[in-house]
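*Asks:* A predicted structure for the sequence below; I have some questions about it.
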Amino acid sequence: QVQLVESGGGLVQAGGSLTLSCAASGRTFSSYAMGWFRQAPGKERDFVAAISRYSITTYAESVKGRLTISRDNAKNTVSLEMNSLKPEDTAVYYCAAARTTSSASTGRADYWGQGTQVTVSS
């Protein structure tokens, strides 16, 4: 069993930056691929970024060059550094844990966090 808790969301102006964190419980964090997803009001939840057990990263085209995913296995955390934020980045951001990178990047995760709100004002 893995519990995920996101933090770091908030209100920021367009062009600004935020860093989201996801803290995972359990001793098997390093065996999971991790992903970030987001869901804007009235829209489906979309893939943002994923990182494999070996720290290989993948990104949605819309965030490449602006968002960076990283993990710290010693601290059981995965982070999402967000720069040059745009109003269209406004959404609830969810952390996910999966046994494979494919699952982590396609939403077939084993565990999900409760989400953290990111609002980007224009």
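*Replies:* The structure has been received and is ready for your questions.
*Asks:* which phi and psi does Ala104 have?
*Replies:* When read as degrees, to the nearest 10, the backbone of Ala104 gives phi -70, psi -30.
*Asks:* Tell me how far it lies from Asn83.
*Replies:* With distances defined as C-beta to C-beta, to the nearest Å, the gap from Ala104 to Asn83 amounts to 22 Å. Any C-beta I mention is one placed from the backbone N, CA and C, and that applies to glycine too.
*Asks:* ok, these two, which is more surrounded?
*Replies:* Set Ala104 next to Asn83 and count neighbours by other C-beta atoms under 10 Å: Ala104 wins out with 27 against 14.
*Asks:* Isn't that one up against Ala50?
*Replies:* Yes - between Ala104 and Ala50 there is a contact under C-beta atoms under 8 Å: 4.4 Å.
*Asks:* where do the contact lists of the two overlap?
*Replies:* Counting by C-beta atoms under 8 Å, 6 or more residues apart in numbering, the contacts common to Ala104 and Ala50 are Ala33, Met34, Gly35.
*Asks:* what's the neighbour count on the last one?
*Replies:* Put plainly, it is Gly35. By the criterion of other C-beta under 10 Å, Gly35 has 30 neighbours.
*Asks:* Work out for me the element it sits within.
*Replies:* When elements are assigned from DSSP states H and E, Gly35 belongs to strand 33-39.
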